[in-house]
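Trainee: no sequence on this one, just coordinates:
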Ligand SMILES: C[S@@+](CC[C@H](N)C(=O)[O-])C[C@H]1O[C@@H](n2cnc3c(N)ncnc32)[C@H](O)[C@@H]1O
């Protein structure tokens, strides 16, 4: 697994470009005005303040191993801080996700895989107009995240305690999201199946972000298949995330953009 990651990371470094290798005006603007910009420290203060207690919490949770599970834990009793650090969204990705929500003026978000809530916070802190639906199958983890959001008056985050499959099968057919962040159950077949279902809950301007596209060979395969999907117009490989856009007016292109922090 380590070798696979190292190999794919080197390949990414060799093939990725900055904005100068991007010949699509839409992607060029996205790279220069969103990916490569900085958010002011002042704007990020509430996000940082909301993350800190989770990164320090000594509270223990009895967790259900759902999806592919973490490769770092042996026991099911885990400290919130350890889960936040190992499975949760890092600071740089949080800042980036927060910027993406602002840049595209996202109003309806779906996150598959809440964990203790760091990803939801990135999409909701200081972004009161973005309604975040987030799904987590582990009941204790989901209860913990729900309480944390309530305690911090983040009523625009709605936590659903169920597995991804049952959430998606109960979703009204006409429900669409502006942004979907898929961060759980990192297996090829599962990812492809969720992607297929998620497509019908997107509109022309939606984007889907897939986490950990090089987590395994299976995830890399899934990412390649998704890039070739007829409905996908533009894909952007950032190594840690794969982002796809559906805008019908764009010509089909795949990009590897260097976005190391
Ligand atoms: C990597 S963590 C999510 C991290 C979070 N998005 C963040 O940014 O901090 C993945 C989570 O998805 C949950 N999960 C995995 N597979 C699932 C499934 N099939 N249904 C529901 N939850 C699942 C796991 O329990 C775990 O808490």
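Mentor: Nice, I can see it. Source: prediction; values computed, not measured.
Trainee: Around the ligand, pick out the residues from the protein.
Mentor: By the criterion of CB under 6 Å from any ligand atom, the positions of the chain lying close to the ligand are 66-67, 87-89, 111, 113, 115, 118-119, 135-138, 141, 163-164, 183-185. Where you see a C-beta, it was placed from the backbone N, CA and C, and this is true even at glycine.
Trainee: Which residues in the strand or helix carrying residue 142 does the neighbour count mark as buried?
Mentor: Using DSSP states H and E, residue 142 falls within helix 139-151. For helix 139-151, the buried set under the neighbour-count rule, 16 or more other CB atoms under 10 Å, comprises 140, 141, 142, 144, 145, 146, 148, 149.
Trainee: and these as a markdown table, adding pLDDT?
Mentor: Formatted as a markdown table, the buried residues of helix 139-151 follow (pLDDT from 0 to 100):
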| residue | pLDDT |
| --- | --- |
| 140 | 97 |
| 141 | 97 |
| 142 | 98 |
| 144 | 98 |
| 145 | 98 |
| 146 | 98 |
| 148 | 98 |
| 149 | 98 |
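Trainee: ok so, going back, which of the residues of the chain next to the ligand are buried? Put it as a PyMOL command.
Mentor: If you want just the buried ones from these in PyMOL, going by 16+ other CB under 10 Å, the selection is:
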select buried, resi 67+87+88+89+111+113+115+118+119+135+136+137+138+141+163+164+183+184+185
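Trainee: Could you tell me which of the residues of the chain next to the ligand are located in strands?
Mentor: Where the residues of the chain next to the ligand overlap with strands, as defined by DSSP state E, the overlap consists of 111, 135, 136.
Trainee: now the first one: how far from residue 182?
Mentor: Right, residue 111. Residue 111 sits 8 Å away from residue 182 when distances are taken as CB to CB, to the nearest Å.
Trainee: could you pull out the strands for the chain?
Mentor: Listed in chain order, the strands of the chain (DSSP E) span 60-62, 77-79, 108-112, 131-136, 157-161, 179-182, 207-211, 234-237, 241-245, 253-256.
Trainee: How about the contacts made by residue 13?
Mentor: Residue 13 makes contact with residue 258 under the criterion CB atoms under 8 Å, 6 or more residues apart in numbering.
Trainee: Let me know the pLDDT of the closest residue to residue 83 other than its chain neighbours.
Mentor: With sequence-adjacent residues excluded and distances taken as CB to CB, 6 or more residues apart in numbering, residue 83 is closest to residue 116, at 5.4 Å. Looking at residue 116, its pLDDT stands at 98.
Trainee: Same question for residue 69.
Mentor: The model reports residue 69 with a pLDDT of 49.
Trainee: Using CSV, lay out the ones in strands among the residues of the chain next to the ligand together with pLDDT.
Mentor: Formatted as CSV, the entries for those read as follows, by pLDDT from 0 to 100:
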residue, pLDDT
111, 98
135, 98
136, 97
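Trainee: ok so, going back, for the residue nearest to residue 83, what are its contacts?
Mentor: Neighbouring residues of residue 116 by CB under 8 Å, 6+ apart: 54, 61, 80, 83, 84, 88, 141, 144, 145, 148.
Trainee: Would you mind measuring from the fourth one to residue 61?
Mentor: Here the criterion is CB to CB. By it, residue 83 lies 7 Å from residue 61.
Trainee: Need the overlap of contacts for the two.
Mentor: Common neighbours of residue 83 and residue 61 are listed as 116, 141 (criterion: CB under 8 Å, 6+ apart).
Trainee: Looking at those two, which is more packed in?
Mentor: Neighbours per residue, other CB atoms under 10 Å: of residue 83 and residue 61, the larger number sits with residue 83, 23 against 20.
Trainee: Where does the prediction get shaky in the stretch 51-200 of the chain?
Mentor: 67-75 (pLDDT under 70).
Trainee: Which parts of it are helices?
Mentor: Shown for the stretch 51-200 of the chain, the helices assigned by DSSP state H, counting those that start in this stretch span residues 80-86, 91-103, 118-124, 139-151, 164-170, 188-199.
Trainee: Relative to residue 11, which of those helices is closest?
Mentor: When those are ranked by proximity to residue 11, the top entry is helix 188-199, at 18.8 Å, counting by CB to CB.
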